[in-house]
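**Q** here are the coordinates; sequence isn't available:
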């Protein structure tokens, strides 16, 4: 398919304050893509999950929408969803366009497909590798090992690229310590301390919220490998930002 014939489904484009992860508090243009093949039980953007949600645009229309939405002092452009990897070719082209404007790009994805991740990696400046725990219900137990395999490969590729890479894990009251420990073991077989910009533990919000005791336990498990671990809730929820 020729690049300019690409279509992209966007759910919304808006400026707000980044409320999650390593770069919380920064003024950000969010490009929310429509469509995600999966669904976590704590998902807070369920409207963007259907593959036919949002509105379809040509690549040129999408670029213009993004350009017209950029505000002064925007720190970065966050490609989110849904899951941007569901439209990886279009994301790569939009991110390339943003990089030409000397604005950093950021990917908000579950990293469920390493081949799609490879398509966007060259055009993303801040890489967040989000690992799903078994309790997330992102996939069923039969397919969890395949998901983890893809996430670990994305981590390996991100580290090799020498981009700013950090890890995020959402935990809930359902998250068990032993599977979490197994996940950490696999992660730190790949990632050296020096190759990561941070490790974020994000508590679920509004549903199955973890206790302080649980959060401290997860913190301690990560700290055994990597001391730059932070527990960061979804801060935008507390200031009424989208």
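**A** Structure received. In this text the structure is predicted, and so the values were computed from the model without any measurement.
**Q** the bottom helix or strand of the chain by mean pLDDT?
**A** Taking mean pLDDT, DSSP states H and E as the measure, the helix or strand of the chain with the lowest value is helix 236-239, at a mean of 89.
**Q** what residues does that helix touch?
**A** Contacts with helix 236-239, where a contact means C-beta atoms under 8 Å, 6 or more residues apart in numbering, come from 16-20, 205-206, 242. Just so you know, the C-beta spots here come from the backbone N, C-alpha and C atoms, and that holds for glycine as well.
**Q** now list the buried members of the residues you listed.
**A** Using 16 or more other C-beta atoms under 10 Å as the burial test, the contacts of helix 236-239 include 18-20 as buried.
**Q** for those residues, which one is nearest residue 137?
**A** Taking C-beta to C-beta as the measure, residue 137 lies nearest residue 20 of those, at 19.7 Å.
**Q** re earlier: save the contacts of helix 236-239 as TSV, and put in secondary structure, distance to residue 103 and pLDDT too.
**A** Formatted as TSV, the contacts of helix 236-239 follow (DSSP: H, G, I helix; E, B strand; the rest coil; distance: C-beta to C-beta, whole Å; pLDDT from 0 to 100):
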residue	secondary structure	distance to residue 103	pLDDT
16	strand	16	98
17	strand	16	97
18	coil	14	97
19	coil	19	96
20	coil	19	95
205	coil	28	96
206	coil	32	95
242	coil	20	85
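**Q** which non-adjacent residue is nearest residue 183?
**A** Distances taken as C-beta to C-beta, 6 or more residues apart in numbering place residue 131 nearest to residue 183, at 6.0 Å, with adjacent residues excluded.
**Q** for the least confident helix or strand of the chain, which positions count as buried?
**A** Across helix 236-239, burial judged by 16+ other C-beta under 10 Å covers residue 236.
**Q** with stretch 160-175 instead?
**A** Applying 16+ other C-beta under 10 Å to stretch 160-175 flags 163-172, 174-175 as buried.
**Q** point out the ones among these that are inside strands.
**A** Counting by DSSP state E, the buried residues of stretch 160-175 place 164-171 in strands.
**Q** in a markdown table: those residues, plus distance to residue 78 and pLDDT.
**A** As requested, these are arranged in a markdown table below (distance: C-beta to C-beta, whole Å; pLDDT from 0 to 100):
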| residue | distance to residue 78 | pLDDT |
| --- | --- | --- |
| 164 | 14 | 97 |
| 165 | 16 | 97 |
| 166 | 14 | 97 |
| 167 | 17 | 97 |
| 168 | 13 | 98 |
| 169 | 19 | 98 |
| 170 | 17 | 98 |
| 171 | 22 | 98 |
